[in-house]
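Visitor: show me the folded form of this:
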Amino acid sequence: MNIHILISILIFIFQNVYGYDNLTNPNSTSSTKLLYNYLVNNFGKKIISGQVGSAGYLETEEFDYIKKITGKTPAMFNVDFIFESLDHDWKPDDSIADMVLAWWKKYEGKGILHAQWHWNKKGSDGQVSFYTKNVDFDITKALIEGTNEYKSIMADMDYIASQIKILQDKDIPIIWRPLHEASGGWFWWGAKGPEPCVALYKMMYERFTKVHKLNNLIWCWNGGIGNWYPGDEYVDIISEDVYDKHSSFASKYNSLLNQVGNKKIIALSENGSLPDIESCMKERITWSFFCTWNNEYILNNSDNIYNTPEYIKSVYNSNYVITQSDLPSFATKSLDYEVKTVSNGFPTCKSCDVTATGTDGVSLWGWENEKSCKIDKDRCFNLNNKLINNNVSTLNGTMESTGINNSTNMMFTLLLLLLLLIFNQ
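Guide: Numbering: from 1, shown residues only. Predicted coordinates for the structure are as follows:
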């Protein structure tokens, strides 16, 4: 047989048996195709770095910290539509659309946007939350046309679509990850099992792509496998969230691989500890990207139990990790447009008066000038050696304690004294 014919047959077999699916939306925009092709071509070769900023914001202190200790900027920026639900009264001064437009122009399209939606809903008692334990919003009723729950989720989806449409007008692609971690059951969209959750996901897919004509989304399913999987025709990327210690996270990867075979990109859409890149490459556990969670998972210098500065530096300077400066531009339209000056996260409180704990159960918040502000823990501990300990409402409306008390402060003081004694010997 002619060698050229043989090669052509082998290429055909590879593409049709082992090749990745095209984007599920055949009307995807030019930049969306560019980004997806980049992800496909890179998958299995290197791992894209990503970082989550403060809830509801885009490029916050986590990015400054990484740049300071590594000299690198993550390639992927994460944004959360957490405050965009219509039931949520408080919203940042700047819309997500304004934040993204400013970011896209700043990096000249050389960045990857990854988004999820902690979908806040109001329960029968008036409390607003996305946690199953805090809100009784019923997903099964939301799927029945004509119910108040149905009207509510439709209004939310239409509003979110209007924000995404602004970005589509500039042809800004988004890796869109709705209804994440559904199989865990801790969010209301997973509380009733796989069937209603998958139905809601498909409903959103159809409404966004067919009704609102949103063609700038790469659909990332993060809700689970087996009965939780909506089907290849609705999924471009399958992903997992892992908060284990440093490793390749091989078992999680292989579970996803068993679900989709070689047809879909596999990603680590949230992580606490960074993956062990060398192990990933050695074991061929080649996640498309990682995206480290915010606050204490990446900050806190040498006190960080998840990622030390030395470990972060080793990951970001690995030859197998892609950072922002490695990216091509995905922009296909002019960047010559006006942008607003936007806030890079919540302001830092001037006082040390705690009024709320964050949904992460760790970050502390205050209220100044009729706005939320973030408590500077290091400064406030240095000033007072304690923070106010009382029950306060969290940002998502639940009641939790700050968890900081005199016993903790006493242990901290004794530890310092012990270290001083050791060094003085």
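Visitor: got the end-to-end distance for stretch 325-340?
Guide: 24 Å (CA to CA, to the nearest Å).
Visitor: repeat that for stretch 311-331.
Guide: Stretch 311-331: ends 33 Å apart by CA to CA.
Visitor: tell me how far that stretch lies from the chain's centre.
Guide: 18 Å (CA atoms, centre = their mean, to the nearest Å).
Visitor: ok, residues contacting that stretch?
Guide: 31, 34-35, 38, 42, 46-49, 66, 69-75, 104, 107-112, 171, 173, 246, 274-275, 277-278, 280-281, 298 (CB atoms under 8 Å, 6 or more residues apart in numbering). In this view, the C-beta of every residue, glycine as well, is placed from N, C-alpha and C.
Visitor: out of those residues, list just those in strands.
Guide: The strands in this structure, assigned by DSSP state E, contain 47-48, 112 from these.
Visitor: and the nearest residue to Gln116 once chain neighbours are set aside, backbone torsions?
Guide: Excluding its sequence neighbours, the residue lying closest to Gln116 (CB to CB, 6 or more residues apart in numbering) is Arg177, at 4.5 Å. Per-residue torsions, Arg177: phi -120, psi 70 (degrees, to the nearest 10).
Visitor: tell me the contacts of Arg177?
Guide: 114-117, 220-222, 239, 269.
Visitor: tabulate those (JSON lines), appending pLDDT.
Guide: Shown next, in JSON lines, are the contacts of Arg177 (pLDDT from 0 to 100):
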{"residue": "His114", "pLDDT": "98"}
{"residue": "Ala115", "pLDDT": "97"}
{"residue": "Gln116", "pLDDT": "97"}
{"residue": "Trp117", "pLDDT": "97"}
{"residue": "Cys220", "pLDDT": "98"}
{"residue": "Trp221", "pLDDT": "98"}
{"residue": "Asn222", "pLDDT": "97"}
{"residue": "Ser239", "pLDDT": "98"}
{"residue": "Ser269", "pLDDT": "98"}
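Visitor: of the residues you listed, which is the nearest to Ser183?
Guide: Asn222 (9.4 Å; CB to CB).
Visitor: how about the residue nearest the centre of the chain, secondary structure?
Guide: Of all residues in the chain, the one closest to the mean position by CA atoms, centre = their mean is Asn78, 4.9 Å from it. Three-state assignment for Asn78 (DSSP: H, G, I helix; E, B strand; the rest coil): strand.
Visitor: contacting residues around the closest residue to it other than its chain neighbours?
Guide: Of all residues not flanking Asn78 in the chain, Val52 sits nearest, at 4.2 Å (CB to CB, 6+ apart). For Val52, the contacting residues are 62, 78, 80, 270, 291-294, by CB under 8 Å, 6+ apart.
Visitor: narrow those residues to those in strands?
Guide: 78, 80, 270, 291-292.
Visitor: turn those residues into a markdown table, columns for distance to Glu195 and pLDDT.
Guide: Below are these laid out as a markdown table (distance: CB to CB, whole Å; pLDDT from 0 to 100):
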| residue | distance to Glu195 | pLDDT |
| --- | --- | --- |
| Asn78 | 29 | 97 |
| Asp80 | 26 | 96 |
| Glu270 | 25 | 97 |
| Cys291 | 28 | 98 |
| Thr292 | 33 | 97 |
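Visitor: return the member of the residues you listed nearest to Tyr205.
Guide: Asp80 (19.7 Å).
Visitor: any regions of the stretch 251-400 of the chain where pLDDT drops low?
Guide: Along the stretch 251-400 of the chain, the parts satisfying pLDDT under 70 run over 301-302, 341-348, 356-363, 365, 367-374, 376-379, 381-400.
Visitor: just the helices in it please.
Guide: Ranges of helices within the stretch 251-400 of the chain are 277-283, 309-316, 377-384, based on DSSP state H, counting those that start in this stretch.
Visitor: and for the stretch 101-250 of the chain?
Guide: Going by DSSP H, counting those that start in this stretch, the stretch 101-250 of the chain shows helices at 139-142, 148-168, 194-206, 250-260.
Visitor: adding mean neighbour count and distance to Gly56, write those helices out as a markdown table.
Guide: Output for these, formatted as a markdown table (neighbours: other CB atoms under 10 Å; distance: least, CB to CB, whole Å):
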| stretch | mean neighbour count | distance to Gly56 |
| --- | --- | --- |
| helix 139-142 | 19 | 23 |
| helix 148-168 | 17 | 12 |
| helix 194-206 | 19 | 20 |
| helix 250-260 | 16 | 27 |
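Visitor: so for Asp336, which of these sits nearest?
Guide: Here helix 148-168 is closest among the helices of the stretch 101-250 of the chain (CB to CB), at 16.5 Å.
Visitor: counting contacts, what elements does the closest one pack onto?
Guide: Helices and strands touching helix 148-168, by 3 or more CB pairs under 8 Å, 6 or more residues apart in numbering; DSSP states H and E, are helix 96-106, strand 121-122, helix 139-142, strand 174-177.
Visitor: quick one: contacts of the second one?
Guide: The list of residues contacting strand 121-122 from outside it, by CB under 8 Å, 6+ apart, reads 85, 87, 128-130, 135, 137, 152-153, 156, 188.
Visitor: pull the most distant pair out of those.
Guide: Going by CB to CB, the pair spanning these furthest: Ser129 and Ile153, at 15.1 Å.
Visitor: hmm, back to that, turn the contacts of strand 121-122 into CSV, including distance to Leu364 and pLDDT.
Guide: Formatted as CSV, the contacts of strand 121-122 follow (distance: CB to CB, whole Å; pLDDT from 0 to 100):
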residue, distance to Leu364, pLDDT
Ser85, 24, 91
Asp87, 25, 93
Val128, 21, 95
Ser129, 19, 96
Phe130, 21, 96
Val135, 23, 96
Phe137, 28, 97
Ser152, 31, 96
Ile153, 32, 97
Asp156, 29, 96
Trp188, 26, 98
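Visitor: let me know the closest of those to Thr286.
Guide: Nearest to Thr286 among the contacts of strand 121-122, with distances taken as CB to CB, is Phe130, at 31.6 Å.
Visitor: who's in contact with that closest one?
Guide: 82, 118-121, 187-188, 396.
Visitor: farthest pair in the residues you listed?
Guide: Ile82 and Trp188 (13.8 Å).
Visitor: follow-up on the earlier one: how close does the residue nearest to Gln116 sit to Tyr205?
Guide: According to CB to CB, to the nearest Å, Arg177 stands 13 Å off from Tyr205.
Visitor: mind putting the contacts of Val52 in CSV, distance to Ser162 included?
Guide: Output for those, formatted as CSV (distance: CB to CB, whole Å):
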residue, distance to Ser162
Glu62, 28
Asn78, 21
Asp80, 17
Glu270, 26
Cys291, 25
Thr292, 30
Trp293, 28
Asn294, 26
